[in-house]
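Participant: Take a look and give me a structure for this.
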Amino acid sequence: MTSTTDLRKYQVYRAVNEVNGKAYIGITRHSTALRWKEHLKKAAQGSPYRFHAALRKYGASAFRVETLLICQGAEAAAGYEMALIRAHSTYGERGYNATLGGDGARGITHSAEAREKIAAANRGKKLSPSTRAKLRETPKAFSQEARAKISATHTGKEVSPETRAKMAASRRGRTLSPETRTKLSEAARNRSEETLARMAAARRPLSEEAKAKISLANSGRPQSEGTREKRAAKHRGMRRSEETRRKMTEANLRRWAKVREALQASEQ
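Facilitator: Numbering: from 1, shown residues only. Model prediction:
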């Protein structure tokens, strides 16, 4: 276990894969540049760790390496590491960290008891204004080029049913704060023409069979008073052109014709 009088300087660093956006956060008692060389050496030697496997797969040139902050003492470094791993979501499938942090840097080996003490000391702890400023200053945004590379790697990628189920389970029951809702709404309103064009190109049209199934599934579904009021408020006072009304009428006629066809097919 490290001494509480440890006055040595530690660096907390991050390596970001600019191809897929995944990152690794670590701490070192030496320079970030030296630690990066050690990672490359371990990757070349066939280290099985996820981060080193990614280095072999994508190459060193695909990663951007940066020092996030410098602090004093091993325990402080471990605390920052854990906080930044949480803040940047680098643990698990979305990153390359194999643990939640606090495991130690070169020259440090914390016991399980020591790691629990570090976690307990930081649990519920209110960060000072200077510490909050340091965390805010750690860059999270990707360059436009990096965003384009990440988007290209995911375009057309098929997600397995198991992965979809995991993603749905992780979001189920989650309630977004009003601030988050506002940010999401503003981001959606301010999408660039390029983003809208990419979204339109990626959107796959539904087959006639799929449309009929969706329509049939929604037919007769009761809506809550709140939902009905929201829909009514959205359209209240709206004036539609003659062309729009004609298109809506034709669309409704086609939709109900398909519903009738689907009902007749299900009865046979």
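Participant: got the residue ranges for the helices in the stretch 1-150 of the chain?
Facilitator: 32-44, 50-58, 74-88, 112-122, 129-137, 144-154 (DSSP state H, counting those that start in this stretch).
Participant: And the stretch 151-268 of the chain, by the same measure?
Facilitator: With DSSP H, counting those that start in this stretch as the criterion, the stretch 151-268 of the chain has helices spanning 161-171, 178-189, 193-202, 208-218, 225-235, 242-267.
Participant: Compare those and give me the one nearest residue 50.
Facilitator: Closest to residue 50 of those is helix 161-171 (Cβ to Cβ; 17.1 Å). All C-beta atoms are positioned from the backbone trio N, CA, C, and that covers glycine.
Participant: and stretch 220-231, average pLDDT?
Facilitator: For stretch 220-231, mean pLDDT rounds to 80.
Participant: got it, and stretch 26-33?
Facilitator: Here the average pLDDT along stretch 26-33 is 90.
Participant: Now do it: distance from first to last residue.
Facilitator: 12 Å (Cα to Cα, to the nearest Å).
Participant: start the count at 10, not 1, going forward
Facilitator: All set: I'll call the first residue 10, so the last point we hit is now stretch 35-42.
Participant: quick one: buried residues of it?
Facilitator: 35-38, 41 (16 or more other Cβ atoms under 10 Å).
Participant: Closest to the centroid, which residue in the chain?
Facilitator: residue 103 (6.9 Å; Cα atoms, centre = their mean).
Participant: Nearest spatial neighbour of that one, chain-adjacent residues omitted?
Facilitator: Using Cβ to Cβ, 6 or more residues apart in numbering and skipping the chain neighbours, the partner closest in space to residue 103 is residue 31 (6.6 Å).
Participant: Kindly report the same for residue 16.
Facilitator: In space, residue 16 is closest to residue 81, 6.0 Å off (Cβ to Cβ, 6+ apart).
Participant: thought the one you found was touching residue 21?
Facilitator: No: if you go by Cβ atoms under 8 Å, residue 81 and residue 21 don't touch, sitting 12.0 Å apart.
Participant: where in the protein is pLDDT low?
Facilitator: Applying pLDDT under 70 to the chain flags residues 10-15, 112-137, 139-166, 277.
Participant: Show me how the record splits it into domains.
Facilitator: Under the assignment automatic domain parsing, the domains of the chain span 18-153, 217-276.
Participant: so which of these gets nearest residue 192?
Facilitator: Using Cβ to Cβ, those put domain 18-153 closest to residue 192, at 13.5 Å.
Participant: For residue 73, grab the count of nearby residues.
Facilitator: 15 (other Cβ atoms under 10 Å).
Participant: Tell me the spacing between residue 218 and residue 274.
Facilitator: 10 Å (Cβ to Cβ, to the nearest Å).
Participant: In strands, which of the buried residues of stretch 35-42 appear?
Facilitator: Among these, the members falling in strands are 35-37 (criterion: DSSP state E).
Participant: follow-up on the earlier one: might you report the residue contacts of the residue nearest to residue 103?
Facilitator: By Cβ atoms under 8 Å, 6 or more residues apart in numbering, the contact list for residue 31 reads 25, 63, 99, 103-105.
Participant: Residue 89 reaches residue 21, doesn't it?
Facilitator: Yes: in this structure, residue 89 is within contact of residue 21 by Cβ under 8 Å, at 5.0 Å.
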